[in-house]
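*Asks:* below is the sequence, then the predicted model.
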Amino acid sequence: MTADRRKVPFVKLTGAGNDFILIDNRSHRLSLAPQTIAWLCDRHFGVGADGVLLVEQGDQPGRTLMRYFNCDGTEAESCGNGARCFARFLAHQGFGNSLCFDTKAGPIEATVDAEGVSVKLPAPQEVELHRFISTAHGPLEVHFVKTGVPHLVVFVRDLESVPIRERGAELRHHPAWSPAGANVNFVQVTGSSSIGVRTYERGVEDETLACGTGVAASALVAYLVKQLAPPIEVTVKSRSILRVEFAPGEPLPGQVVLRGPAEVVFSGEVELRDPTL
Ligand SMILES: N[C@@H](CCC[C@H](N)C(=O)O)C(=O)O
């Protein structure tokens, strides 16, 4: 095997249908080029996933760092479902069922059990409610919040009839959020503590089957704008149910806990072909 064609072990995981390729980079010290990540995530030519999770050594001794890359190769500060899958992997590796690891958006505490994984997300930031923006379909009321990564929340009456790809792409690239852009969540209120959410993800540039930080952002905005009572049950595109817990707080709840399924699907070895490795 030449130095530029390395066999690297990986684990494929899914969190409510949001799927990831996890590579334990503590020993490999790979620096993956964006085109390598895009190839790994390609569902026809690669392993196939929404993104790549790297397990790395944190800055502090004994700390683990989660790095997250979208399938287009861009790095994002965090990923809610990715964090739940990351915790599931660490628990399998013998780190225990109560864990703490770092992300570029701050530390995450996780609790792992047979049914699911709960993660405490970084405190919500930069909330902006009731902003009106102009769109191809006329003025639209949107809400913004950062739950580790930037999210827009748009309330709709009938989630199933929304052309997510078209409307999501327009809002994701809207000049109001430029240049970073934002993930876009379309939300239907279905009860006093329940919502349905479909998310167009930045970096995937399409709808995903679930988005953890998007689910958390949508539940928070549903509490702030529509007075829903926590804990809030969220049904996502895959039909999985995630749960968002927080203590009501002024002006914002501090700590947000996201709970849901996170499972290993398979593991294997992939031959990385990038000559820049
Ligand atoms: N799927 C994720 C979010 C991943 C990052 C996002 N696409 C971005 O670029 O901001 C989740 O579960 O939170």
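*Replies:* On my side now, so go ahead.
*Asks:* which residues sit in contact with the most centrally placed residue in the chain?
*Replies:* The structure's the chain has its C-alpha centroid closest to C79; by Cα atoms, centre = their mean the separation is 3.3 Å. Listed by Cβ atoms under 8 Å, 6 or more residues apart in numbering, the contact set of C79 reads 20, 51, 53, 66, 68, 148-149, 212-213. From N, CA and C alone the C-beta is placed, and that goes for glycine too.
*Asks:* ok, 6 Å please
*Replies:* Y68 (Cβ atoms under 6 Å, 6 or more residues apart in numbering).
*Asks:* domains in this structure, by residue range?
*Replies:* 6-119+263-272, 125-254 (automatic domain parsing).
*Asks:* start and end of the longest one, how far apart?
*Replies:* Domain 125-254 stretches 10 Å from its first residue to its last (Cα to Cα, to the nearest Å).
*Asks:* next, see if that domain gets close to the ligand.
*Replies:* Yes. Using Cβ under 6 Å from any ligand atom, domain 125-254 reaches the ligand at 149, 183, 201-204, 208, 211-213.
*Asks:* which one of those is nearest to R6?
*Replies:* Closest approach to R6 among those (Cβ to Cβ): G203, at 24.9 Å.
*Asks:* roughly how far apart are the closest one and A123?
*Replies:* From G203 over to A123 the distance is 23 Å, taken as Cβ to Cβ, to the nearest Å.
*Asks:* neighbour count winner among those two?
*Replies:* Neighbour totals were compared for G203 and A123, and G203 leads with 22 against 16 (other Cβ atoms under 10 Å).
*Asks:* tally up the residues packed near the closest residue in space to that one that isn't next to it in sequence, please.
*Replies:* Distances taken as Cβ to Cβ, 6 or more residues apart in numbering place N70 nearest to G203, at 2.5 Å, with adjacent residues excluded. The tally of other residues near N70 (other Cβ under 10 Å) stands at 22.
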